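> attaching a predicted model along with its sequence, questions to come.
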Amino acid sequence: MNNLNYSEKYRKLIAETLTVNVSGSLETTKEQRYIIGSAILDDQTRQKLLEILKLPSMFTSEHNQAIWQTIIFMYRNGMPIEKITLDRELKKIDKIKFDLSIYDDSLVKYNPDVAINEANLLYAEYCVRNIKTKTKNIYKSLDSISIKDLQKLLINQMTDIEELTKMLPQKNKSNDEIFEEASKNIENPVNIIPFPIQSLNLASGGMTVGHTTTIAARTGHGKTTLTINLIDGWLKQGHTIRLYQREQKAHEIIQACILINTDVDRERIRKKTINNDDKLKIAKAIKEMKPFYENLTIIDDVDNMEDTITDIVSCVNKPSIIIDDFIQLVKPSNERASRRFEIEDIMKSYHWLQKRYKFSTVAISQLSRAVESRQFDNEPRLSDIAESSIIEQLSENVILLWWDYKFNGAKSEYDKNQIKAIFGKTRFGITGYKMLTMNEKTGRIS
């Protein structure tokens, strides 16, 4: 038996979790008694109930809240949960008397399915209470609240509403409907977005709606240039794109897009030596590009995930592709002890948003310095991605870029305009590499 000496710590935990009103009512409903009685009685049902009811505040009486907090504490600490052991732990809580016999009466005809159903209903009631409370708070503070605080309140509100929506009755499709839908998608796939660069498409089979493709490279190895080319190609395929640009300004991105549609040398732009012929070519490119680029939205003034989520959820015309350049610069919604866990939160946010709103995500990522510090074989590998494990896990494609000539100079076995696209992971293709050729003058990649 796990005999922990945690009396003071435990009392503090209970005090923080509950606002105990000694004179308050300890009345409890029959349904809530049934849930707690089931958790005491059966290990398997208890685990399912704890997954649904994660907070003591989901119960409506202080009595039940204190018992549920104790069950959570014992479960997390690997302590056996039975009526006797639970009663012993509850006696450590001052000011409240607990009578566990009232939970026996509700289990004359024990049925785990009934307990699960009651827990779901209690969770739904909790969501409704939260929505009501937060709506009142939003209304009361509208005159004085800051935009940032209002965004936080609205995100929390949307989360509760979405959780409640999941619990509404769903229309189940028949097998015939499912087979018909699958047959149509085989004949004319609608959930695949091809890469506009053919070599990438051949290697991976394109991107799947609801999944993430990660493009990673060291600074200066072509990840932004490749992104520019992909944006241009996808817009001309008719896709709607939302680009969260964490490094550069919107006009810099558009400028690069213009230049890949001309044969104007980028160096002349930097040196301010463009001539009248260049200006005519640029004007022509802009005129041809504008109809396609109506479907591009660039957000260059958002540095955190909270505002990013708000923007995605609230935008009227949902994109088919979202690009985040780049994810290591994103501030998470919640600060965590380790940057690895913060990146995990960011990737998971995109994972669920893209499934909910049916878009594909392209995550632009930085590689660690390990690439350059290795004595031999400097080509990048999956483990070189900063915070690699979660990025690899939640990506269907991981493309690592390596511009060998830029690193090795004249010693390189490749031409100066060749960039290697290494497929470290591809769900529907074959791992390996494809050579990309870049027009150094304009930045066009083929």
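Everything's here; your move. Residues are numbered from 1 along each chain as shown.
> per-residue confidence for the most centrally placed residue in the chain?
In the chain, the residue lying closest to the centroid (Cα atoms, centre = their mean) is Ser349, at 1.6 Å. Model confidence at Ser349, given as pLDDT, is 84.
> ok, now the one 4 residues further on?
With respect to pLDDT, Leu353 scores 87.
> what's near enough to touch it?
309, 312-313, 359 (Cβ atoms under 8 Å, 6 or more residues apart in numbering). Quick note: C-beta positions are derived from backbone N, CA and C, even for glycine.
> tell me where the model's unsure across the stretch 51-200 of the chain.
For the stretch 51-200 of the chain, the stretches with pLDDT under 70 are 94-96, 105-109, 159-160, 163-173.
> quick one, helices of it?
Secondary structure of the stretch 51-200 of the chain, counting by DSSP state H, counting those that start in this stretch: helices at 62-76, 83-90, 112-141, 147-166, 175-187, 198-204.
> dump those helices into JSON lines; add mean neighbour count as well.
Converted to JSON lines, the helices of the stretch 51-200 of the chain look like this (neighbours: other Cβ atoms under 10 Å):
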{"stretch": "helix 62-76", "mean neighbour count": "20"}
{"stretch": "helix 83-90", "mean neighbour count": "15"}
{"stretch": "helix 112-141", "mean neighbour count": "15"}
{"stretch": "helix 147-166", "mean neighbour count": "14"}
{"stretch": "helix 175-187", "mean neighbour count": "10"}
{"stretch": "helix 198-204", "mean neighbour count": "19"}
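> got JSON lines for those, with distance to Arg427 too?
As requested, these are exported to JSON lines (distance: least, Cβ to Cβ, whole Å):
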{"stretch": "helix 62-76", "distance to Arg427": "35"}
{"stretch": "helix 83-90", "distance to Arg427": "46"}
{"stretch": "helix 112-141", "distance to Arg427": "34"}
{"stretch": "helix 147-166", "distance to Arg427": "27"}
{"stretch": "helix 175-187", "distance to Arg427": "17"}
{"stretch": "helix 198-204", "distance to Arg427": "8"}
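> and of these, who's closest to Pro319?
Nearest to Pro319, of all the helices of the stretch 51-200 of the chain, is helix 147-166, at 18.4 Å by Cβ to Cβ.
> the closest one: how far from the chain's middle?
Taking the mean C-alpha point of helix 147-166 and that of its whole chain, the gap between them comes to 16 Å (Cα atoms, centre = their mean, to the nearest Å).
> surely Thr442 touches Asp263?
Yes: contact between Thr442 and Asp263 holds when scored by Cβ atoms under 8 Å: they sit 6.1 Å apart.
> ok so, going back, can you give me the buried ones in the strand or helix carrying the residue nearest to the centre of the chain?
Assigned by DSSP states H and E, Ser349 belongs to helix 339-357. Residues of helix 339-357 classed as buried under the neighbour-count rule (16 or more other Cβ atoms under 10 Å) are 342-347, 349-351, 353-354, 357.
> do the same with stretch 291-309
Buried residues in stretch 291-309 (16+ other Cβ under 10 Å): 292-293, 295-300, 302, 305-309.
> return the closest of these with respect to Glu181.
Distances from Glu181 to these, taken by Cβ to Cβ, are shortest for Asn295, at 26.9 Å.
> verify the contact between that closest one and Leu235 for me.
Yes: using Cβ under 8 Å, Asn295 is in contact with Leu235, at 5.8 Å.
> intersection of neighbour lists for the two?
Ile241.
> across the sheet, point out what pairs with the nearest residue to Asp324 once chain neighbours are set aside.
Counting by Cβ to Cβ, 6 or more residues apart in numbering, Asp324 lies nearest to Tyr244, which is 4.7 Å off, once chain neighbours are set aside. Tyr244 has the following beta-bridge partners by DSSP bridges: Ile299, Asp324.
> helix or strand next in line after the helix holding Ser349, which one?
strand 360-366.
> which other residues reach that following strand?
So strand 360-366 is contacted by 193, 207-219, 223-224, 227, 230, 320-328, 347, 350, 354, 385-386, 391, 395 (Cβ under 8 Å, 6+ apart).
> so which of the residues you listed are in helices?
Of the contacts of strand 360-366, the ones assigned to helices by DSSP state H are 223-224, 227, 230, 347, 350, 354, 391.
> need those in JSON lines with distance to Met74, can you?
Listed next are the ones in helices among the contacts of strand 360-366 as JSON lines, based on distance: Cβ to Cβ, whole Å:
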{"residue": "Lys223", "distance to Met74": "49"}
{"residue": "Thr224", "distance to Met74": "52"}
{"residue": "Thr227", "distance to Met74": "51"}
{"residue": "Leu230", "distance to Met74": "52"}
{"residue": "Met347", "distance to Met74": "33"}
{"residue": "Tyr350", "distance to Met74": "36"}
{"residue": "Gln354", "distance to Met74": "38"}
{"residue": "Ile391", "distance to Met74": "36"}
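> now do the helix holding Ser349: distance to the chain's middle.
1 Å.
> that one to strand 360-366, inter-axis angle?
Here the directions of helix 339-357 and strand 360-366 differ by 160 degrees (axes from the mean of the first three to the mean of the last three Cα atoms, to 10 degrees).
> domain assignment for the chain?
7-166, 190-437 (automatic domain parsing).
> before we move on, back to that, restricted to buried residues, select the contacts of strand 360-366 in PyMOL.
Of these, the buried ones can be selected in PyMOL as follows, counting by 16+ other Cβ under 10 Å:
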select buried, resi 193+207+208+209+210+211+212+213+214+215+216+217+218+223+224+227+230+320+321+322+323+324+325+326+327+328+347+350+354+385+386+391+395
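> state the distance from the residue lying closest to Thr85 once chain neighbours are set aside to Ile93.
Spatially, and ignoring its direct neighbours in sequence, Thr85 is nearest to Met79 (6.7 Å; Cβ to Cβ, 6+ apart). Separation of Met79 from Ile93 (Cβ to Cβ, to the nearest Å): 15 Å.
> and Glu247, by the same measure?
Applying Cβ to Cβ to Glu247 and Ile93 gives a distance of 53 Å.
> compare the two (neighbour count), which wins?
More crowded of Glu247 and Ile93, by other Cβ atoms under 10 Å: Ile93, with 19 against 12.
> and the residue lying closest to Ile445 once chain neighbours are set aside, how many neighbours?
Nearest residue to Ile445, sequence neighbours excluded (Cβ to Cβ, 6+ apart): Asn229, at 4.5 Å. Asn229: 24 surrounding residues under other Cβ under 10 Å.
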